[in-house]
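**Student:** Pasted the sequence and its predicted model underneath.
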Amino acid sequence: MLNMLISFACSALSSALMMQFVTANIWITMAVSAVIFAVIFMVLTRITMKKVGALMEVAQRDMMANRSDKAIKELQDGLKYGAWQIYVKQQIHSQIGTIYYLKRDFKEAVPYLEKGFVRNWVSTSMLAITYMKKNKTKKMVETFGKAVSGNRKEPMVYAVYAFCMDRIGERVKAIEILKKGITKTSDEHLQENMDLLEAGKKMKMKGFGDVWYQFHLEKQGAIIKKQTKAMTGRRKQVLR
């Protein structure tokens, strides 16, 4: 990556200059060069990530304003920063894939999700779900495994994984996943869902809030019913 190469070049130049004009002591030279490398790399990284952060904020505002195509275009333009800083390109791919997934354009989403950032548990889980829908169980399990490994303290990643395992008929494994999640997070919603599965019932994901619905694992009718109920409740409050 360019930030690292520039930092290394500055460090190497400082070493040469110090050996030539300051001291022949290699240990002092190496120590100073290491400090120079670290400082320059930190500054360049901060500059790059500030630009990426601004890009993400603009894309987020466009998504909130229902301008998803514009958000995707802006993020695609931001892929140029991937040449400067490690993992930037993967993070942008995750964001683009997530937007396509939210639009239910799964065909366009998959290539981006596959090149995404593993520590982004939302996009990685979305990729796993697309594999499940294509009956690629092995790839689904492998992908969820990566999502969990990179986000061990996130309760919902265990819940989504378990939900999918239960959907494909692997209830015992789903319970094991929830047990692991409870051990790592002590989350009450995971405990509740594990109790439901052990009782032979279906998982209830509403406790995780609206974030759950972005995975498109509920039927459209259920989502519409939930939204209608919420709107009705608000109307009643206004009337009172």
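**Tutor:** On my side now, so go ahead.
**Student:** When you work out contacts or count neighbours from here on, use the C-alpha atoms and nothing else.
**Tutor:** Noted.
**Student:** now the end-to-end length of stretch 72-85.
**Tutor:** Stretch 72-85 has an end-to-end distance of 20 Å (C-alpha to C-alpha, to the nearest Å).
**Student:** what about the helices in the protein?
**Tutor:** Ranges of helices within the chain are 2-21, 26-64, 68-77, 88-102, 106-114, 121-133, 137-150, 155-167, 171-185, 188-198, 220-239, based on DSSP state H.
**Student:** Which one of these has the poorest average confidence?
**Tutor:** When the helices of the chain are ranked by mean pLDDT, helix 220-239 comes last with a mean of 46.
**Student:** quick one, phi psi at the spatially most central residue of the chain?
**Tutor:** The chain has Asn120 as the residue nearest its centroid, 1.6 Å off, counting by C-alpha atoms, centre = their mean. Phi and psi for Asn120, reported as degrees, to the nearest 10, are phi -80, psi 90.
**Student:** Verify the stated contact: it with Ser149.
**Tutor:** No: the criterion here is C-alpha atoms under 8 Å, and Asn120 misses it with Ser149 at 11.0 Å.
**Student:** roughly how far apart are the residue lying closest to Asp166 once chain neighbours are set aside and Gln214?
**Tutor:** Sequence neighbours aside, Ala174 is the residue nearest to Asp166 in space, at 5.7 Å (criterion: C-alpha to C-alpha, 6 or more residues apart in numbering). Here the distance between Ala174 and Gln214 works out to 21 Å (C-alpha to C-alpha).
**Student:** and these two? which has more neighbours close in?
**Tutor:** The neighbour comparison of Ala174 against Gln214 (other C-alpha atoms under 10 Å) goes to Ala174, with 26 against 15.
**Student:** separation between the more buried one and Ala109?
**Tutor:** In this view, Ala174 and Ala109 are 26 Å apart by C-alpha to C-alpha.
**Student:** And Met56, by the same measure?
**Tutor:** 18 Å.
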